[in-house]
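Student: Kindly return the folded structure for what I paste below:
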Amino acid sequence: MVTFLRKRMLSSAIPLVCVVLGVFFLARMTGNPVDLYLPLSATAEQRAEFAAAQGFDLSIPAQLWNYLVDAAHLDFGTSLRTGQSATEMVLDAFPVTLQLAGVTMLLAITGAVLIGSLAAYRPNSLVDRIASLLSMTAASIPDFWFAVMGVLVFGVSLGWLPTSGTLGGPEVWVLPIATLLIRPFGVLVQVVRGSMVSALSAPYVKIARSKGATPRRVIFGHALRNAVTPVLTVAGDLTVGLVNGAVIVETIFGWPGIGKLMIDSILQRDFAVLQAAVLLTAVTIFALNILVDVCHALTDPRVRQAVPA
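Tutor: Down below sits the predicted model:
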């Protein structure tokens with residue numbers, strides 16, 4: 001397992017370095033912050049003073065070197081918009097995104113296990129057909145379309161739910177969670193159903209049924225334990241996608257998470273905050289990927305054996 005973990009971490013280091021370099025160069029392709037933060041009437045001296053204070057007067061290689069050195073010390077500078085520490089702003093916003101993603105995946109896994117298991121218990125029944133139809137539809141709906149429709153119907157037309165922000169009761173969570181939930185829920189229902197159909201046809205399950213085991217015990221006591229490995233793997237991949245895909249949802253609903261912070265930083269050319277946000281998100285995604293692979297390797301020894309020494 002140690003060898004597997006070491007190989008996996010080394011293979012993740014190269015993409016992480018690419019992200020660190022990529023965000024530096026792509027951020028500077030958005031334009032010169034001096035043009036955005038100073039008025040048109042600013043003199044050449046004022047523009048040069050602002051650029052020197054922020055380090056924009058240095059050559060690109062010099063800026064890159066300073067960025068890498070500071071990033072190694074977890075110092076990303078200060079925000080051009082607020083004057084706050086970029087690291088503090090990112091650390092304040094990131095737990096909000098993790099909370100949203102965590103609640104979403106908990107609901108998605110719980111609902112998918114229940115519905116997928118019931119559908120698999122009686123294949124080709126009415127329940128199975130309805131569950132398959134709804135899950136395939138949910139897995140195919142684009143997040144941004146569902147979010148816009150949710151705002152239009154439940155926020156604007158009916159006025160039942162707030163459309164932005166986090167101030168208020170539990171109702172502020174409904175639309176963001178529903179938007180993030182729909183696709184993972186649809187995918188997981190299909191995965192749970194497929195795994196449970198195979199598990200329920202195993203000999204040990206047939207023996208349990210012949211001994212008079214209740215459907216509840218057959219599903220959750222025997223079959224689910226052996227069908228959970230692919231479900232956990234897909235759930236881990238979907239969690240990574242939620243952290244990465246929260247940008248759209250947070251922007252639409254004004255959710256003060258890391259995704260909205262990234263978009264605001266791009267629009268305001270706030271390089272320090274953007275670089276810190278992207279790097280933290282990338283590290284989190286790589287850590288989640290490694291965790292998923294480790295869990296898969298623990299449950300399936302063939303994965304560990306496939307890794308060359």
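Student: For the rest of this, base every contact and every neighbour count on C-alpha atoms.
Tutor: Fine.
Student: Buried ones in the helix or strand where Ile285 lies, by neighbour count?
Tutor: In the assignment (DSSP states H and E), Ile285 maps to helix 271-299. By neighbour count with 16 or more other C-alpha atoms under 10 Å, helix 271-299 contains the buried residues 271-282, 285-286, 288-290, 292-294, 296-297.
Student: quick one: low-confidence ranges for the stretch 101-250 of the chain?
Tutor: 222, 245 (pLDDT under 70).
Student: Show the residue spans covered by the helices in it.
Tutor: For the stretch 101-250 of the chain, the helices defined by DSSP state H, counting those that start in this stretch occupy 126-140, 143-150, 171-200, 203-210, 215-216, 224-253.
Student: Show me the one of those helices that comes nearest Gly111.
Tutor: For Gly111, the closest of the helices of the stretch 101-250 of the chain is helix 171-200, at 7.3 Å, according to C-alpha to C-alpha.
Student: Name the nearest residue to the residue nearest the centre of the chain, sequence neighbours excluded.
Tutor: Per C-alpha atoms, centre = their mean, the C-alpha nearest to the average position across the chain is that of Val243, at 1.5 Å. In space, and not counting its chain neighbours, Val243 is closest to Ala101: 6.4 Å by C-alpha to C-alpha, 6 or more residues apart in numbering.
Student: Tell me how many other residues crowd that neighbour.
Tutor: Ala101 has 24 neighbouring residues, counting by other C-alpha atoms under 10 Å.
Student: Hmm, it is touching Leu238, no?
Tutor: No - using C-alpha atoms under 8 Å as the test, Ala101 is too far from Leu238 to be in contact (9.9 Å).
Student: how near is the residue nearest to Val243 to Leu107?
Tutor: From Ala101 over to Leu107 the distance is 10 Å, taken as C-alpha to C-alpha, to the nearest Å.
Student: for Gln275, same thing?
Tutor: Gln275 is 32 Å from Leu107, where distance means C-alpha to C-alpha.
Student: Report how many residues lie close to the residue lying closest to Thr78 once chain neighbours are set aside.
Tutor: Using C-alpha to C-alpha, 6+ apart and skipping residues adjacent in sequence, the residue nearest Thr78 is Ser85, 4.4 Å away. Neighbour count for Ser85, taken as other C-alpha under 10 Å: 16.
Student: Need the phi and psi values for Ser85.
Tutor: Dihedral pair for Ser85: phi -70, psi 130, per degrees, to the nearest 10.
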